[in-house]
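S.K.: Okay, sequence plus prediction incoming.
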Amino acid sequence: MVCSIFLEKQIMQSTNLNIILKIIIVLCSFLPLQAQVSTRSICINKEYEGNYRTTLKLKVPLDAEKQFYNLDINNAEITAITDNTGFDFLSNGKGLVVENTYGFVSSDGSYYDLQMEIDGVPQKGATTLEMKGTFLINYVGDASEEKTLELPFKENIQSSFDSEIGKITILDAGGATLQDGTEYHLYTLDTETPIGNLEVIDGDDSEEYRNMGLGLDENTVVFKEAPEKITIKVQTKSMETQKAPFDLNIGIGF
């Protein structure tokens, strides 16, 4: 009798455990998987003596529920770049070449396609490259505030300057020339802080440009002749930063 009771208890415990395991499996199937930074390709360039470079193309996952603003490569935390011979890229070179690093958001908005250039190349006999660190991804927040700013313009085209809302870069975005010789020059304001609803208080030639059936990107102004300074009204937006840690082990060769 004792043995039968013991067996019965064991069966009940086993059954309960199976039920618990099934519940866990079902719940896990509904939990979103945390996407990781992954490698798309690696290119080793020895074209110029003394200027060897390693180029990595990475896939950085984005939060589809948020509005992406930028990937702050200037403040990325690169803690290690080594190959399996022990060569340390950070100790023997500049590490990440920020000015040659760029990217774009995928068409479906699910990831950032990042191309990074590293100073130096893996050493002879290396078969893997390892890189560790954290990317900082900025998303547009919910809070906003209206600001009026007076900006030096003409002398700062294609350069950056500090302002009340952080660093601003005035980018030459091309333009259009009519048959009568009239020229329209486009300039985009690239800002550290997200902005919207850009309005030039002194007036620009944007409306005239649009009336010709030509489109304008957000935060872009149009002038026939660049002014010395402009006064603008903008809606500044808050920013939320998320960390994207990575630990990549990349195979080299075939």
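M.R.: That came through fine.
S.K.: For the closest residue to residue 46 other than its chain neighbours, give me phi and psi.
M.R.: Leaving out its chain neighbours, the residue that sits closest to residue 46 by Cβ to Cβ, 6 or more residues apart in numbering is residue 52, at 5.1 Å. Just so you know, the C-beta spots here come from the backbone N, C-alpha and C atoms, and that holds for glycine as well. Residue 52 adopts backbone torsions of phi -80, psi 140, taken as degrees, to the nearest 10.
S.K.: Shouldn't residue 246 be within a strand?
M.R.: Yes: the assignment for residue 246 (DSSP: H, G, I helix; E, B strand; the rest coil) places it in a strand.
S.K.: What residues does it make contact with?
M.R.: 36-37, 58, 131-135 (Cβ atoms under 8 Å, 6 or more residues apart in numbering).
S.K.: Closest one of those to residue 69?
M.R.: residue 135 (13.4 Å; Cβ to Cβ).
S.K.: Looking at the closest residue to that closest one other than its chain neighbours now. What's its pLDDT?
M.R.: Leaving aside its sequence neighbours, residue 135 sits nearest to residue 244 (Cβ to Cβ, 6+ apart; 4.3 Å). Predicted confidence (pLDDT) at residue 244: the value is 97.
S.K.: Settle this for me: residue 244 is touching residue 35, isn't it.
M.R.: No: Residue 244 is not in contact with residue 35 according to Cβ atoms under 8 Å; the separation is 9.3 Å.
S.K.: The residue nearest to residue 46 against residue 45, yeah?
M.R.: Yes: at 6.7 Å, residue 52 counts as touching residue 45 under the criterion of Cβ under 8 Å.
S.K.: Which of those two has more residues huddled nearby?
M.R.: Neighbour count, other Cβ atoms under 10 Å: between residue 52 and residue 45, residue 52 has more, with 16 against 12.
S.K.: Contact partners for that one?
M.R.: 44-46, 119-121.
S.K.: rerun at 6 Å
M.R.: Residues in contact with residue 52 (Cβ atoms under 6 Å, 6 or more residues apart in numbering) are 46, 120-121.
S.K.: Residue 87: which of those residues is nearest?
M.R.: For these, the nearest to residue 87 is residue 120 (7.8 Å; Cβ to Cβ).
S.K.: Kindly state the pLDDT recorded for the closest one?
M.R.: 94.
S.K.: what number of residues lie near it?
M.R.: Around residue 120 there are 22 other residues, counting by other Cβ under 10 Å.
S.K.: about what we covered before: pick out whichever of residue 244 and residue 35 has more residues nearby.
M.R.: residue 244 (19 against 14).
S.K.: Hmm, residue 133 and the more buried one touching each other?
M.R.: No: look at residue 244 against residue 133 with Cβ atoms under 6 Å: they stay out of range, at 9.5 Å.
S.K.: Now do the contacts for the residue nearest to the spatial centre of the chain.
M.R.: The centroid of the chain falls nearest to residue 71 when counting by Cα atoms, centre = their mean (2.5 Å). Residue 71 makes contact with 112, 135, 137, according to Cβ under 6 Å, 6+ apart.
S.K.: for it, which residues make a bridge with it?
M.R.: residue 137 (DSSP bridges).
S.K.: ditto for residue 60
M.R.: Here residue 60, judged by DSSP bridges, has bridge partners residue 112.
S.K.: how about stretch 64-82: buried residues?
M.R.: Neighbour counts over stretch 64-82 (16 or more other Cβ atoms under 10 Å) mark 69-71, 73, 76, 78, 81-82 as buried.
S.K.: can you put those residues in TSV and add secondary structure and pLDDT?
M.R.: Converted to TSV, the buried residues of stretch 64-82 look like this (DSSP: H, G, I helix; E, B strand; the rest coil; pLDDT from 0 to 100):
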residue	secondary structure	pLDDT
69	strand	96
70	strand	95
71	strand	96
73	helix	94
76	coil	95
78	strand	96
81	strand	97
82	strand	96
